[in-house]
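Visitor: Dropping a prediction and its sequence here:
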Amino acid sequence: MSDTTLRAIIILAAVCYASAFVLYLLKKTKPGAAFWILAEAGSVTLVVNNFVVNDYVPFVSMYQVLTFASALFGAVYLYMAFLRDGKWAAPYVIGCSLIVSMGLCFMDIHSVWHFPPALRSVYFVPHILMYVISYIMAAAAFAMTVTKFFVRNDPLRKKQLDGGIYDCVCVLFPFMTAAMLCGAVWANEVWGAFWSWDLKECWALVTWLIFMTWLHFRRSPKLSKYCGILLILGFASVIVTFFFVNMMNAAGTSMHTYN
C-alpha cells in the first residue's frame, strides 16, 4: 500500500474508535459496536500490511508493535466479556485502542527494517508477543483504576472495577513473567549471560516487581488500600520501559540498541 493509503486507514481507524467510545458512553451499544468493528478491521488491515511488507511477524518497529497492540485490545474485550462476564468493560478497552491509534497518526509508518544478528532468534516473537499482551492488560487495568477514584460512592460499580482490574492483572503478570524468562534465556544465548543489569532489563524488573507487590498487597486488609497507587505506578513503569527507555537507547547507552 502507498503511504497515503496507510495514513488514511490509520486516521479512519482512529475516528471509528473515537465514535465507538462516545457511543458506548452514551449507552448506544449497537452503533458503537458497528464503529468498533470497522476500527478493528482497519487495525487488522494495517497488521496484515506490516506482515506482508517485511514477510515476518509485524514486530520490527515501534509503529508495528503499537499497530498490533491496537488490534489486540479487541481480544481483551472478548476475554472480559465472555470469560469474565464483563461486557461493561467495553469503553475502557475502546478508550485504550483510541489512544494508541491516535499515537499512530503521528508515527513514521515506514516499516521495512533489517534484523541485526542478535534479533534473528526463535525467542524474538514469543518475547515481544508476551510483553505486548501484558502491557495492553496493564493499560486496561490502569483505565479502570483511574475510574475507581470517581465512583467511590457506587459500591456495585466499584466491585465491577475491582474484579476487572484483578482479571487483567491475573493475565498480565504470568505473561510478563514468561516474557522476562524468555528474554533471559535469549540474552544468555546471544550475550553469554542471563542478566546484565542493562537499562531496559532493570526497568522491566521494576515493572514486574510492582505488579507482584500489587498481587500481594491485594490480599492484605491493611495494605489493599495502596493497590490503586501501585497499579498506577506499575503502568507508569510500563510507559517508561516501553517508550522512554527506547528513547534513551537511541543514544547507544544500552545493549538493547540496534541500528
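Guide: Yep, it's here.
Visitor: where's residue 66, which helix or strand?
Guide: Assigned by DSSP states H and E, residue 66 falls within helix 62-78.
Visitor: For that helix, name the packing helices and strands.
Guide: helix 29-54, helix 90-104, helix 124-148 (3 or more CB pairs under 8 Å, 6 or more residues apart in numbering; DSSP states H and E). For the C-beta atoms, the positions are set from N, CA and C on the backbone; glycine is no exception.
Visitor: Mean neighbour count and mean pLDDT added to those, as a markdown table?
Guide: Formatted as a markdown table, those follow (neighbours: other CB atoms under 10 Å; pLDDT from 0 to 100):
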| stretch | mean neighbour count | mean pLDDT |
| --- | --- | --- |
| helix 29-54 | 18 | 93 |
| helix 90-104 | 23 | 94 |
| helix 124-148 | 22 | 94 |
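Visitor: before we move on, the earlier item: and the contacts of the helix holding residue 66?
Guide: 13, 36, 40, 43-44, 46-47, 50, 54, 58-59, 89-90, 93-94, 96-97, 100-101, 103-104, 107-109, 111, 128, 132-133, 135-137, 140, 168, 246 (CB atoms under 8 Å, 6 or more residues apart in numbering).
Visitor: Show me what counts as buried in it.
Guide: Across helix 62-78, burial judged by 16 or more other CB atoms under 10 Å covers 63-74, 76-77.
Visitor: Now render those as CSV, adding distance to residue 222.
Guide: Formatted as CSV, those follow (distance: CB to CB, whole Å):
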residue, distance to residue 222
63, 45
64, 44
65, 39
66, 39
67, 43
68, 40
69, 36
70, 39
71, 41
72, 36
73, 35
74, 38
76, 31
77, 34
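Visitor: for those, which one is nearest residue 32?
Guide: Using CB to CB, the shortest approach to residue 32 within the buried residues of helix 62-78 belongs to residue 77, at 11.8 Å.
Visitor: Quick check: the closest one vs residue 171, distance?
Guide: 13 Å (CB to CB, to the nearest Å).
Visitor: circling back to that earlier point, identify, from the buried residues of helix 62-78, the entry nearest to residue 144.
Guide: For the buried residues of helix 62-78, the nearest to residue 144 is residue 76 (11.5 Å; CB to CB).
Visitor: ok, so what distance separates the closest one from residue 183?
Guide: 23 Å.
Visitor: Residue 19 too?
Guide: The spacing between residue 19 and residue 183, counted by CB to CB, is 38 Å.
Visitor: So for the two, which residue has more residues nearby?
Guide: Under the criterion of other CB atoms under 10 Å, the comparison of residue 19 against residue 183 puts residue 183 first, with 22 against 19.
Visitor: what sits against residue 125?
Guide: Residue 125 neighbours (CB under 8 Å, 6+ apart): 57, 59.
Visitor: what does residue 171 give?
Guide: Taking CB under 8 Å, 6+ apart as the test, what residue 171 contacts is 79, 133-134, 137.
Visitor: who are the neighbours in contact with residue 25?
Guide: Contacts of residue 25 (CB under 8 Å, 6+ apart): residue 91.
Visitor: Let me fix that, I meant to ask about residue 216.
Guide: By CB under 8 Å, 6+ apart, the neighbours of residue 216 are residue 223.
Visitor: follow-up on the earlier one: average pLDDT for the helix holding residue 66?
Guide: Mean pLDDT, helix 62-78: 92.
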